[in-house]
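>>> Prediction below, plus the sequence it came from.
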Amino acid sequence: MSCVIKFVVIWLLLLDFMVRCIKLSAVELNCSIEVIRYNLDSEVAPVEVENLSAEEIQQQLEQMAQNKAALERALQSRREEAKAGVVEQIMELIHGNGYELDEIISQLPVRRRRGPATRRSSNRQYTRYMDPENPKNIYVRGVLPRWMKEKMAEQGYDAGSKEDREAFKANYLQAEEG
């Protein structure tokens, strides 16, 4: 299959995609069809890949990459134009029904994000444990800090045992409600 035919097939697939997703106007569609007809009717001789040198193949690959980039830019432009059209239609619908944009936006549901990117403020209050010998040493929850592990070892408690941790917090540390 020659490069011209491949290009035309790719172009047709992209046009089909754009027609379905962006709903091109009839004028734009006819212009695109005329471009395809011109490419089909042009007297460019089909090139067999087997007969090309490495340099020629590289040049054709570069040309195809440039064509692809141009098509991607055109597609992005069409999508932006389509978005602007949708926004305009929505604004006309809102104003046509006698509302202001702020009134409608306040009625829209808030999308909740998932994952660690958003940190929700919690109403939970965790107990803070303070070292009576050094008030800068505070433990709230999670991984035990080194100072706490050292103090537990000095007092004969095992940091790996939940019962020992709870006993150490109750007997040695000062608890503050957070």
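Happy to help now that I have it.
>>> CA atoms for contacts and neighbours, from now on please.
Noted.
>>> Just the local confidence number for Gln58, please.
pLDDT recorded at Gln58 is 89.
>>> meant to ask about Glu154
pLDDT, read off for Glu154, is 91.
>>> List the buried residues of the helix or strand harbouring it.
Per DSSP states H and E, Glu154 falls inside helix 146-155. Judged by neighbour count using 16 or more other Cα atoms under 10 Å, the buried positions of helix 146-155 are Met148, Lys149, Met152.
>>> possible to save those residues as CSV with distance to Leu52?
CSV is the format used below for those (distance: Cα to Cα, whole Å):
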residue, distance to Leu52
Met148, 74
Lys149, 72
Met152, 77
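>>> Glu163: which of these is nearest?
Closest approach to Glu163 among the buried residues of helix 146-155 (Cα to Cα): Met152, at 12.1 Å.
>>> ok, now which ones touch that closest one?
Asp158, Ala159, Arg165, Phe168 (Cα atoms under 8 Å, 6 or more residues apart in numbering).
>>> Quick one: buried ones out of those residues?
For the contacts of Met152, buried by 16+ other Cα under 10 Å: Ala159, Arg165, Phe168.
>>> Pretty sure the second one sits against Ala159.
Yes: counting by Cα atoms under 8 Å, Ala159 is a contact partner of Arg165 at 6.0 Å.
>>> Can you pull out the low-pLDDT segments for the chain?
Residues of the chain that meet the criterion pLDDT under 70 lie in 1-47, 113, 115-122, 178.
>>> give me the number of residues near Lys169?
Lys169 has 18 neighbours, counted by other Cα atoms under 10 Å.
>>> Which helix or which strand is home to it?
Here Lys169 is assigned to helix 162-171, by DSSP H and E.
>>> re the thing from before, is it possible to get CSV of the buried ones among the contacts of Met152 that adds distance to Pro109?
Shown next, in CSV, are the buried ones among the contacts of Met152 (distance: Cα to Cα, whole Å):
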residue, distance to Pro109
Ala159, 47
Arg165, 45
Phe168, 48
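>>> circling back: and of the contacts of Met152, the nearest to Val140?
Using Cα to Cα, Arg165 is the member of these that sits closest to Val140, with 12.8 Å.
>>> Report the contact partners of the closest one.
So Arg165 contacts Met152, Tyr157, Asp158, Ala159 (Cα under 8 Å, 6+ apart).
>>> His95: which of those is nearest?
Using Cα to Cα, Ala159 comes nearest to His95 of these, at 65.8 Å.
>>> my read: the closest one touches Ala153, true?
Yes: using Cα under 8 Å, Ala159 is in contact with Ala153, at 7.5 Å.
>>> Contacts made by stretch 95-108 with the rest, please.
With Cα under 8 Å, 6+ apart, stretch 95-108 has contacts from Met91, Ile94.
>>> need the helices for this protein, in chain order.
Applying DSSP state H to the chain gives helices spanning 3-22, 26-41, 54-96, 101-105, 146-155, 162-171.
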